[in-house]
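In: okay, predicted coordinates and the sequence, questions at the end:
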Amino acid sequence: MAEKNVIINTLVSRIDELEQYSRREDLVLTGLSTTHMRYSRAVTVGNTGDHESVPVNEMESLEDQVVSFLNKHDIPINKEQISVCHTLKSRGKDIKPKIIMRLISRKTKTLILTNARNLKGTNVYINEHLTKKNADIARAARILKKQGKLQSTWVRNCMVFVKTLGGPEDSRIQAIKHYAELDQFSPNIG
């Protein structure tokens with residue numbers, strides 16, 4: 001029975017790694033207000049050809065709205081660098097939906113993340129598209145940092161990193177791949 005559990009845990013871990021790998025070119029934008037044409041209006045406009053009755057901002061695609069916003073904040077990107085851009089279903093009526101953006105290269109993703117500090121004060125955030133497991137690890141690491149048990153934490157290339165407490169010679173940087181690895185900093189985090 002113990003051997004089966006080891007095999008199951010190994011397979012679950014491998015599936016999560018593959019799922020995370022498939023998200024390496026993705027970014028998640030939160031807090032961005034966008035205007036979408038309702039499906040019923042899109043069908044009506046398509047059937048009648050009456051484009052004048054549609055507000056200009058509803059005619060602009062989600063991709064165009066994202067590119068325009070990012071360029072306005074000195075984050076260089078163009079539509080050709082985006083493979084796919086769509087919203088996720090929001091939890092509430094008044095909550096702005098998250099936007100998933102798949103880019104054609106990881107270099108573009110890195111450039112956008114490097115320039116994301118230009119969004120400070122806009123209430124719009126850009127993050128890597130993490131699996132639930134990695135998002136939970138990142139959240140727990142942020143909690144440990146707030147509790148003063150870690151010096152810092154960050155995500156790079158969909159991996160969670162932590163920097164331990166101590167001076168320059170004593171602190172070390174560690175990649176966290178499993179939730180249990182955080183127990184060494186606080187045994188009761190999980």
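Out: On my side now, so go ahead. Residues are numbered from 1 along each chain as shown.
In: and L18, which helix or strand is it part of?
Out: Using DSSP states H and E, L18 sits within helix 2-22.
In: now do the SS call for N71.
Out: At N71, secondary structure determined by DSSP: H, G, I helix; E, B strand; the rest coil is helix.
In: now it. Nearest residue, chain neighbours left out?
Out: Leaving aside its sequence neighbours, N71 sits nearest to I77 (CB to CB, 6 or more residues apart in numbering; 6.8 Å). C-betas here are computed from N, CA, C, even on glycine.
In: contacting residues for that neighbour?
Out: Counting by CB atoms under 8 Å, 6 or more residues apart in numbering, I77 touches V67, L70, N71, T108, L111, I112.
In: and stretch 132-152, what's buried?
Out: K133, N134, A135, I137, A138, A140, A141, R142, L144, K145, K149, L150 (16 or more other CB atoms under 10 Å).
In: go on, stretch 169-181?
Out: For stretch 169-181, burial by neighbour count (16+ other CB under 10 Å) applies to Q174, I176, Y179.
In: coming back round to it: need the next SSE after the helix holding L18, C-terminal direction.
Out: The helix or strand immediately downstream of helix 2-22 is strand 26-30, counting by DSSP H and E.
In: can you list the strands that that next one pairs with?
Out: Next to strand 26-30 in the sheet, as set by DSSP bridges, lie strand 99-103 (antiparallel), strand 125-128 (antiparallel).
In: that older thread, between the contacts of I77, which sits nearest H129?
Out: I112 (12.5 Å; CB to CB).
In: list of residues touching the helix or strand where the closest one lies?
Out: Per DSSP H and E, I112 falls inside helix 106-115. Helix 106-115 is touched from outside by 24-27, 70, 74-77, 81, 103, 126, 128, 157, with contacts defined as CB under 8 Å, 6+ apart.
In: tell me which two of the residues you listed sit farthest apart.
Out: R24 and D74 (24.6 Å).
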